[in-house]
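Trainee: Any chance you can model this:
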Amino acid sequence: MMAPLREQLESSGNWLFRWRSFAPLVLLIPLLGQMCYFDWPMHSHALQFEWEICCIAVSLFGLLIRAVTVGHVPRRTSGRNTSRQVAETLNVTGMYSIVRHPLYIGNFFIWLGFSMFCLDWRLLLIFVLGFWMYYERVMFAEEEFLRRKFPQAFLAWARNTPAVIPRFSAWQAPLLPFSLRNVLRREFYGLLGVAVMFFMLDLIGDWIVKRELVIERGYLVVLAACFAVFAVLRTLKKRTHLLHVDGR
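Mentor: Numbers count the residues shown, from 1 in each chain. Next up is the predicted model:
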């Protein structure tokens, strides 16, 4: 017997939620496929360098959105848990006062920066459609969970807060002060991911154009620094309480 469409959407959304740290990697398939035809804009390495800076800035903007969001949230909300939905409170202030899914908006810009690298509108279209089809179900499942756990509060919040297009005029100051420790504890994976991704895209791009392996010093220095930061923060998180924040 087939389940109602609403239940099917929630079920598939919960499954995608559990794999949300890895499922977006499917978007690498068209990206790497398009890299086979990569060329510098107007055959200029200088222009390509400037374009890469723009792409990196877009991805870092996505990381910034995530940092601003998690820096103000209480514990056991807006985390990286993948086993099940978790929410001890309903976030309705700060970034959550202008948009219901700010973390996924941050993810969008991170991946948008990657997709812009090839300067191909078809790849961007595939990315936007694929991203939307994936996260739409995850967002639906999350909202169904919140609707059941906080029925009245969720409906009041959802009626006044857009799902993905921010309404900046609705901004409400966060209830909790910004916690840099909370950001460092939760977001160091994302920083390393961005560094590795752009390092690999630059490496592949130069190989396609020049037919030789070129490791640019700037990328190598940044990548090494990000690995060092990752190692330090992961050690502090796993083996100490220095990144622990009361109530977070």
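Trainee: which residues are contacting stretch 192-204?
Mentor: 32, 35, 38, 52, 55-56, 59-60, 63, 110, 113-114, 117, 213-216, 219-220, 222-223, 226-227, 229-230 (CB atoms under 8 Å, 6 or more residues apart in numbering). Quick note: C-beta positions are derived from backbone N, CA and C, even for glycine.
Trainee: again, but for stretch 36-56
Mentor: Against stretch 36-56 from outside (CB under 8 Å, 6+ apart): 113-114, 116-120, 194, 198, 202, 204-205, 208-209.
Trainee: What are the buried residues along that stretch?
Mentor: For stretch 36-56, burial by neighbour count (16 or more other CB atoms under 10 Å) applies to 38, 40, 48, 51-52, 55-56.
Trainee: Out of the residues you listed, list just those in strands.
Mentor: Among the buried residues of stretch 36-56, none falls in strands (DSSP state E).
Trainee: Include pLDDT and distance to Met95 when you put these into CSV, please.
Mentor: Shown next, in CSV, are the buried residues of stretch 36-56 (pLDDT from 0 to 100; distance: CB to CB, whole Å):
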residue, pLDDT, distance to Met95
Phe38, 93, 35
Trp40, 92, 37
Gln48, 94, 34
Trp51, 97, 29
Glu52, 96, 28
Cys55, 97, 24
Ile56, 97, 22
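Trainee: Surely Tyr135 touches Tyr104?
Mentor: Yes. Counting by CB atoms under 8 Å, Tyr135 sits close enough to Tyr104 to count as a contact (5.2 Å).
Trainee: which residue is nearest the centroid of this structure?
Mentor: The residue lying closest to the centre of the chain (CA atoms, centre = their mean) is Asn107, at 2.2 Å.
Trainee: which helices and strands sit right next to whichever strand or helix holds that residue?
Mentor: Assessed by DSSP states H and E, Asn107 sits inside helix 102-116. For helix 102-116, the packing partners by 3 or more CB pairs under 8 Å, 6 or more residues apart in numbering; DSSP states H and E come out as helix 45-70, helix 121-149, helix 180-210.
Trainee: if we can go back for a sec, with distance to Arg148 as new columns, can the buried residues of stretch 36-56 be given to me in a markdown table?
Mentor: Shown next, in a markdown table, are the buried residues of stretch 36-56 (distance: CB to CB, whole Å):
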| residue | distance to Arg148 |
| --- | --- |
| Phe38 | 47 |
| Trp40 | 52 |
| Gln48 | 50 |
| Trp51 | 46 |
| Glu52 | 45 |
| Cys55 | 40 |
| Ile56 | 40 |
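Trainee: so which of the residues you listed comes closest to Leu184?
Mentor: Distance to Leu184, by CB to CB, is smallest for Ile56 among these, at 20.5 Å.
Trainee: Next, find the distance separating the closest one from Leu220.
Mentor: Distance, Ile56 to Leu220, by CB to CB, to the nearest Å: 15 Å.
Trainee: same check, this time on Trp207
Mentor: 15 Å.
Trainee: Now do the contacts for Tyr135.
Mentor: Going by CB under 8 Å, 6+ apart, the list of residues near Tyr135 reads 101, 104, 107-108.
Trainee: From these, list the buried ones, please.
Mentor: Applying 16+ other CB under 10 Å to those flags 101, 104, 107-108 as buried.
Trainee: which element is Leu223 on?
Mentor: Leu223 belongs to helix 217-239, assigned by DSSP H and E.
Trainee: residues of that helix that come out buried?
Mentor: Buried-residue list, helix 217-239, by 16+ other CB under 10 Å: 219, 222-223, 226, 230, 233, 236-237.
Trainee: thinking again about what came up before, present the contacts of stretch 36-56 as a markdown table; the columns should include pLDDT and distance to Arg147.
Mentor: Output for the contacts of stretch 36-56, formatted as a markdown table (pLDDT from 0 to 100; distance: CB to CB, whole Å):
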| residue | pLDDT | distance to Arg147 |
| --- | --- | --- |
| Gly113 | 97 | 33 |
| Phe114 | 96 | 33 |
| Met116 | 96 | 35 |
| Phe117 | 96 | 38 |
| Cys118 | 92 | 40 |
| Leu119 | 92 | 42 |
| Asp120 | 93 | 39 |
| Val194 | 96 | 33 |
| Phe198 | 97 | 39 |
| Asp202 | 95 | 44 |
| Ile204 | 95 | 44 |
| Gly205 | 94 | 45 |
| Ile208 | 94 | 48 |
| Val209 | 93 | 51 |
